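**Q** structural data only, the sequence is not supplied:
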């Protein structure tokens, strides 16, 4: 393909000023073919511009357009190759780190995490259920896999032992003063309860223990898995969020139901006798 593009460049040079822009654009495409798969989207974009540019020139255009049409076809092939190679490499990288890759591009899943890819921008977004954990991640399989591994390690870090979480949550629920407490209100109280003594004595940023919505959701899942839901004769009950309640993130918490990315949005919690 590069040789054919060079031939097209020679043809364009035979004409004077009106072809200068088309010639320069062709050079850009030639350079992009040094890494064709990685530049698939850029090649497609410039091919469309080249087609439009040459189409406006009043000459016998067939000899110029023929390699451009072939270029457009090749660009589509390269896009497919890029996506296939990316998916295969990401699957391998994630498997080495203990994650199972599922789904179809542009949306993939790795255990709890959703990976939304944008090949046009060359970036990805990672979510935990409905929670965006990070955006603007470069679409490089190894880097993306490393990022997911680091996020997973951070999210699984034990801030409150699962054996103690229920008692903290029970106290947080009582502090809300509501029989059927907003799950967000309970989270606010829980965040305060888990802070160390040094934070109470000196409530500065360096003494504060962060406890995110995603972390809370994962801990609730672990609590459910442990089957440890009873305390003081009462049993923890989570209440599913209605469709209207999910309109704002401040009304619910997403909790996994398994390690394949399925989950439920909960709006309230209570302890029943």
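**A** Arrived safely. Here the structure is a predicted model, which is why all the values come from computation and not from measurement.
**Q** what residues are up against residue 161?
**A** If you count contacts by CB atoms under 8 Å, 6 or more residues apart in numbering, residue 161 has none. The C-beta positions use only the backbone N, C-alpha and C, and glycine is treated the same way.
**Q** make 28 the first number, not 1, from now on.
**A** Sure, I'll start counting at 28 from here, so that last one is residue 188.
**Q** any idea how far it lies from residue 255?
**A** Distance of residue 188 to residue 255, computed by CB to CB, to the nearest Å: 11 Å.
**Q** just residue 103 next, same as before
**A** As judged by CB to CB, residue 103 and residue 255 stand 54 Å apart.
**Q** okay, now residue 299: neighbour count?
**A** By other CB atoms under 10 Å, 11 other residues sit near residue 299.
**Q** likewise residue 115?
**A** Neighbours of residue 115 under the rule other CB under 10 Å: 12.
**Q** next one, pLDDT for it please.
**A** Per-residue pLDDT puts residue 115 at 94.
**Q** please report how far it lies from residue 128.
**A** Between residue 115 and residue 128 the distance is 10 Å, computed by CB to CB.
**Q** also residue 90?
**A** According to CB to CB, residue 90 and residue 128 sit 46 Å apart.
**Q** who has more neighbours, the two?
**A** Using other CB under 10 Å, the more surrounded residue of residue 90 and residue 128 is residue 128, with 19 against 11.
**Q** hey, what's the more buried one bridged with?
**A** residue 137 (DSSP bridges).
**Q** which residues does it contact?
**A** The contact partners of residue 128, taken as CB under 8 Å, 6+ apart, are 114, 117, 118, 121, 122, 135, 136, 137.
**Q** how far away is it from residue 158?
**A** Applying CB to CB, the value for residue 128 to residue 158 is 20 Å.
**Q** cool, and residue 279?
**A** 11 Å.
**Q** now residue 118
**A** Distance of residue 118 to residue 158, computed by CB to CB: 24 Å.
**Q** same question, residue 299
**A** Plainly put, residue 299 is 28 Å away from residue 158 if you go by CB to CB.
**Q** partner strands of the top strand by length along the chain and their direction?
**A** If you go by DSSP state E, the chain has its longest strand at strand 290-299. When pairs are called by DSSP bridges, strand 290-299 turns out to pair with strand 208-209 (antiparallel), strand 261-267 (antiparallel), strand 280-283 (antiparallel).
**Q** now, the contacts of residue 128 that are in helices?
**A** 114, 117, 118, 121, 122 (DSSP state H).
**Q** buried subset of those?
**A** 114, 117, 118, 121 (16 or more other CB atoms under 10 Å).
**Q** of those, which is the nearest to residue 29?
**A** Comparing those against residue 29 with CB to CB picks out residue 114 as the nearest, at 26.4 Å.
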